[in-house]
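Engineer: Following is a predicted model, sequence given first.
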Amino acid sequence: AMAQAALGAAGLHFDELNKLRVLEPETAQLREECRAFVDKTAEFQKIVGSLIELVDQLAKAAESEKMKAIGARNLLKSIAKQREAQEQQLQALIAEKKMQLERYRIEYETLCKIEADQNEFIDQFIFQK
């Protein structure tokens, strides 16, 4: 004990493993504070780890939604192109039918004229007799 006091006066101390140290042995309070700090650091690392995991999941979900949106947009574009093509086909068909109608109208007018001429000829033929 006297040797320890003499060493203590010189600023030297034995730790719990009986090694000679320049600093005083750790107090129980300091040891507890260190343990609490290490525990809190570990807890913090765990929280940060789960946060990183969550951010990762959100990034994957966002990427997945982005791909779905791109797919939907491409589908809409292709549907719009199909509709455009259908509309052009229908416009061409309408134009074709209008031309056909015009030909029939002219043919009908011609036939009406021929009928009128023939009726007139018949009437004249009958009246001549």
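Structural biologist: Alright, I've got the coordinates. All values reported here derive from a predicted model rather than from experimental measurement.

Engineer: use CA for all of it now, contacts and neighbours both
Structural biologist: Noted.

Engineer: Need the CA coordinates for stretch 95-107. CSV is fine.
Structural biologist: The C-alpha atoms that make up stretch 95-107 are tabulated as CSV, following Å, rounded to 0.1, in the frame of the first residue of the first chain:
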residue,chain,number,x,y,z
ALA,A,95,-62.9,9.1,-100.2
GLU,A,96,-63.2,5.9,-102.2
LYS,A,97,-67.0,5.5,-101.4
LYS,A,98,-67.6,9.2,-102.2
MET,A,99,-66.0,8.7,-105.7
GLN,A,100,-68.1,5.6,-106.1
LEU,A,101,-71.3,7.5,-105.1
GLU,A,102,-70.4,10.3,-107.6
ARG,A,103,-70.0,7.6,-110.4
TYR,A,104,-73.4,6.1,-109.5
ARG,A,105,-75.0,9.5,-109.4
ILE,A,106,-73.7,10.3,-112.9
GLU,A,107,-74.7,6.8,-114.2
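
Engineer: Run the chain-centre distance for it.
Structural biologist: Its chain's C-alpha centre lies 51 Å from the corresponding centre of stretch 95-107 when counted by C-alpha atoms, centre = their mean, to the nearest Å.

Engineer: repeat for stretch 110-126
Structural biologist: Stretch 110-126 sits 76 Å away from the centroid of its parent chain (C-alpha atoms, centre = their mean).

Engineer: ditto for stretch 1-8
Structural biologist: The chain centre lies 75 Å from the centre of stretch 1-8; the measure is C-alpha atoms, centre = their mean.

Engineer: do the same with stretch 82-100
Structural biologist: Distance of stretch 82-100 from the chain centroid (C-alpha atoms, centre = their mean) equals 37 Å.

Engineer: tell me the average confidence for that stretch?
Structural biologist: Throughout stretch 82-100, pLDDT has a mean value of 98.
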